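**Student:** A predicted structure for the sequence below; I have some questions about it.
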Amino acid sequence: MFAALSVAAGMTAQTHVFDVNTSKVGGAIPSTMYGIFFEDINYAADGGLYGELVKNRSFEFPQHFMGWKAFGKFELKDDGPFDKNPHYVRLHDAGHSDKFTGLENEGFFGIGYQKGADYRFTVWARNPNGDGDVKVRVMLCNPSTMGERQQMAEGQIVVSGKEWKKYEVIIKARETVDKGTLRLMLTRNSKTVDLEHVSLFPVDVYKGDENGMRKDLAESLEQLHPGVFRFPGGCIVEGTDLATRYQWKNSVGPVENRPLNENRWHYTFDYRFFPDYYQSYGLGFYEYFRLSEQIGAEPLPVVNCGMSCQYQNDIKNEADVHVALDQLQPYIDDAIDLIEFANGDPAKNSWAKLRADMGHPEPFNLKYIGIGNEQWDYKDNPAFTKRLAKFIEAIRKVHPEIKIIGTTGPDSEGEKFDQLQPKMAELKVDLYDEHFYRNEQWFLHSGNRYDNYPRGKGQPKVFAGEYACHGRGKKWNHFNAALMEAAFMTDLERNADVVEMATYAPLFAHVDGWQWRPDAIWYDNLRKFNSCSYYVQQLYSLNKGTNMLSLTMNGKPVAGNDDQDGLFASAVYDKNSNEVIIKVVNTGDKPQDATLNLKGMKGSHEAQLITFHSDELTAENTLDEPQKIVPQTSSLTVEAPSQTITVPARTFHVYKIKK
Ligand code: AHR
């Protein structure tokens, strides 16, 4: 579609002139600028991105049959082949020709499967008596079908021998079912069999990886072209208490022997309580580094700093809730060993060797590490910074090449923030992590946040590590929240010399299992939709350019100030595509005209205009209408140096002008 901009102009009063100096290319936009934040909240890992379809596959949940229905004659045993997951199930013949023995797994809010697709079933098994073959039927069922048969896919494994072995069968689904089950059944007059680590993955996982990721969700990440990938959180780094903190060493090595962890989001909110929320660690640090590499993002792991979640653990006696300073070494070792796991030489370091053994002898080229999540200092006790200082000292000694990320705590401003921000500079961290889940007014009034930030030599850079607009009274995903984020992000872009990276949060949510919203990507067992906030992130990421350009109105940044009619704007240059890219957000309820004064350009220029708009402010994409609100692209010609544009009310525009 071709649009004649000058025709559109003139419909509203001409009041704004954006001076864009295209002849003076500014500093580089960091390649890490727009990234992703992953946390296993909202069933983001097990039940989400991680391709495993079986819940409690190793029978290690504290209620060992949670997620399972066992029927017939069965026993729970605890001397299995994997020392960190010792439980398994023994199935005996039902002892009557009309009865059955078996197991049925409910998956995560059901097991979803697609007609015609193949599913890989694997299990560790043996015949403990060694008295012959045991046939186990493997079925995908639809317990709520009105059809004659519940089985929608069927296969069989034949277990032979007393030794534990891994068995596999691939089964093809005859129907599409979103809330099915996996059923295992002994054939009649069966011998006894032991089953451990019962697993089911779609064959078609992302990149066909072993222990792989759900393809459609991983593709959403890839399509964001994230520059950086923060993992594993969030509060999950801290756990509910230290015992349930994320321990990366438990998340690597053979999946069968990764011990279970209670998910910190199991019971954070009593009004969204999920008693079956555990972490299998199947999506662990190896899978994370591999995924970062596949989607082209710099990995940014965050480790526990020896503190439990400060929201949930009152400091009456410091040693009761946090690790004493003289006991901190194992935590520091965890950070250093993680760097070795990612980058080390397999011939020299056992963690690096484990990485090589897992299939990646080459280093993952880790460059960043975050120490602590939302930590802070108490009035009379620098609980966080005294621990952080020890990490910094130790890491700098052995890995001066790694950039260390501190934090300014949970708030975007206020006492904790004011106290921590200067301390980050004193401690000489490379970056500090800021979080802001704030309402519309905050976003509308924060368009200049970074214009006057501490910058220059010796000042740490900013990692806006968690942010999202939480609409006042509308704390869910909708177009207006995404528009607020788009407006605010002009500030990130304009200040890319200060802000090195920014990650919207959280990333994923299962529609049946969420604890926190809004989120970037939603899904059920078979479908997904990318939210409006996702598309805003993508528009910035795909159009981040390579260098900053100055864009001002009356000599000031366009940042939604009182005399700026709700307009926000920023500009970059992309030396690869030779484009000037201008982002304009009209947050107001009237269309606004603006003249682009493209200093340094002359004549007609081919351009593209990407428009992101919804007439309905509280509208959002849904599982049924995943493409309801998506960016629309049109072509146009821009006249330089002076071109008038019209930005409709409540609209985000991206102009890509060939230089
Ligand atoms: O993103 C959800 C939570 O918000 C994170 O776990 C935490 O860091 C923040 O409070």
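**Tutor:** Now that the structure is in, tell me what you want to look at. If you're wondering where the values come from, they're calculated on a predicted model, not measured in any experiment.

**Student:** Can you report how many residues neighbour whichever residue of the chain sits closest to the ligand?
**Tutor:** When distances are taken as CB to the nearest ligand atom, the chain reaches nearest to the ligand at Gly234, 3.0 Å away. All C-beta atoms are positioned from the backbone trio N, CA, C, and that covers glycine. If you count neighbours by other CB atoms under 10 Å, Gly234 ends up with 27.

**Student:** any idea what sits nearest it, other than its immediate chain neighbours?
**Tutor:** In space, and not counting its chain neighbours, Gly234 is closest to Glu39: 3.4 Å by CB to CB, 6 or more residues apart in numbering.

**Student:** The one you found is in contact with Gln515, isn't it?
**Tutor:** No: the criterion here is CB atoms under 8 Å, and Glu39 misses it with Gln515 at 10.5 Å.

**Student:** Look at these two and report which has more neighbours.
**Tutor:** Each of Glu39 and Gln515 had its neighbours counted (other CB under 10 Å), and the higher figure belongs to Glu39 (26 against 21).

**Student:** Helix or strand: which one has that one?
**Tutor:** When elements are assigned from DSSP states H and E, Glu39 belongs to no helix and no strand.

**Student:** From Val159, how far out is it?
**Tutor:** Summarising the geometry, the distance separating Glu39 from Val159, computed by CB to CB, to the nearest Å, is 39 Å.

**Student:** measure the residue nearest to Gly234 to Arg264 for me?
**Tutor:** Plainly put, Glu39 is 9 Å away from Arg264 if you go by CB to CB.

**Student:** Could you tell me the average pLDDT over stretch 215-234, please?
**Tutor:** Taken as a whole, stretch 215-234 carries a mean pLDDT of 98.

**Student:** Buried residues, stretch 625-634. List them.
**Tutor:** Applying a neighbour-count criterion of 16 or more other CB atoms under 10 Å, the buried positions in stretch 625-634 are Ile629, Pro631.

**Student:** Just the terminal-to-terminal distance for that stretch.
**Tutor:** 22 Å (CA to CA, to the nearest Å).

**Student:** looking only at pLDDT, what's the mean for that stretch?
**Tutor:** When pLDDT is averaged over stretch 625-634, the result is 98.

**Student:** same question, stretch 380-397
**Tutor:** Across stretch 380-397, pLDDT averages out at 97.

**Student:** Mind listing what's buried along it?
**Tutor:** Pro382, Ala383, Phe384, Thr385, Arg387, Leu388, Ala389, Lys390, Phe391, Ile392, Ala394, Ile395.

**Student:** and what of stretch 85-99?
**Tutor:** Within stretch 85-99, the residues that qualify as buried by neighbour count (16+ other CB under 10 Å) are Asn85, Pro86, His87, Tyr88, Val89, Leu91, Asp93, Ala94.

**Student:** Next, format those residues as CSV and append distance to the ligand.
**Tutor:** Supplementary listing: the buried residues of stretch 85-99 in CSV, determined by distance: CB to the nearest ligand atom, whole Å:
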residue, distance to the ligand
Asn85, 26
Pro86, 31
His87, 30
Tyr88, 34
Val89, 34
Leu91, 40
Asp93, 48
Ala94, 46
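
**Student:** Looking at these, which is nearest Asp345?
**Tutor:** In terms of CB to CB, no member of the buried residues of stretch 85-99 lies closer to Asp345 than Asn85, at 30.5 Å.

**Student:** quick revisit: now, which of the buried residues of stretch 85-99 lie within strands?
**Tutor:** Per DSSP state E, strands hold the following members of those: Tyr88, Val89, Leu91.

**Student:** contacting residues around the strand or helix carrying Arg396?
**Tutor:** Counting by DSSP H and E, the secondary-structure element that holds Arg396 is helix 383-398. Residues from elsewhere that reach helix 383-398, judged by CB atoms under 8 Å, 6 or more residues apart in numbering: 305-307, 315, 318, 322-323, 325, 328, 331-332, 335-336, 339, 369, 371-372, 375-377, 402, 404, 406-407, 409, 420, 423, 427-429.

**Student:** Which ones among these map onto strands?
**Tutor:** The strands in this structure, assigned by DSSP E, contain Ile369, Ile371, Ile404, Gly406, Thr407 from the contacts of helix 383-398.

**Student:** Nearest to Ala486 among the residues you listed?
**Tutor:** For the ones in strands among the contacts of helix 383-398, the closest approach to Ala486 (CB to CB) belongs to Thr407, at 25.5 Å.

**Student:** separation between the nearest residue to Tyr453 once chain neighbours are set aside and Ala425?
**Tutor:** Nearest residue to Tyr453, sequence neighbours excluded (CB to CB, 6+ apart): Val498, at 4.9 Å. The span separating Val498 from Ala425 equals 13 Å under the rule CB to CB.

**Student:** tell me, what's touching these two both at once?
**Tutor:** Gln459.

**Student:** if you count what's nearby, which of those two comes out ahead?
**Tutor:** With neighbours defined as other CB under 10 Å, Val498 and Ala425 compare such that Val498 has more, 20 against 14.

**Student:** And the pLDDT for Arg126?
**Tutor:** For Arg126, the pLDDT comes out at 98.

**Student:** should've said Gly473
**Tutor:** Confidence at Gly473, expressed as pLDDT, is 89.

**Student:** contacting residues around it?
**Tutor:** Per CB under 8 Å, 6+ apart, neighbours of Gly473: none.

**Student:** hang on, the earlier thing: buried ones among the contacts of helix 383-398?
**Tutor:** Among those, those scoring as buried are 305-307, 322-323, 328, 331-332, 335-336, 339, 369, 371-372, 375-377, 402, 404, 406-407, 409, 420, 423, 427, 429 (criterion: 16+ other CB under 10 Å).

**Student:** Okay, and which of the residues you listed map to helices?
**Tutor:** Where these overlap with helices, as defined by DSSP state H, the overlap consists of Tyr331, Ile332, Ala335, Ile336, Ile339, Leu420, Lys423.

**Student:** The residue nearest to Lys599 when sequence neighbours are not counted: neighbour count?
**Tutor:** Closest residue to Lys599 in three dimensions, ignoring its sequence neighbours and counting by CB to CB, 6+ apart: Asn21, at 4.8 Å. Under the neighbour criterion other CB under 10 Å, Asn21 is assigned a count of 16.

**Student:** got the contact list for Asn21?
**Tutor:** Contact partners of Asn21, counting by CB under 8 Å, 6+ apart, are Leu549, Ser550, Lys599, Gly600.

**Student:** interface residues of this structure facing the ligand?
**Tutor:** Proximity of the chain to the ligand is confined to 39, 41, 233-235, 373-374, 410, 435, 466, 505-506, 516 under the rule CB under 6 Å from any ligand atom.

**Student:** Recalculate using a threshold of 8 Å.
**Tutor:** Of all the residues in the chain, those in contact range of the ligand (CB under 8 Å from any ligand atom) are 37, 39, 41, 233-237, 264, 311, 373-374, 410, 435, 437, 466, 505-506, 516.
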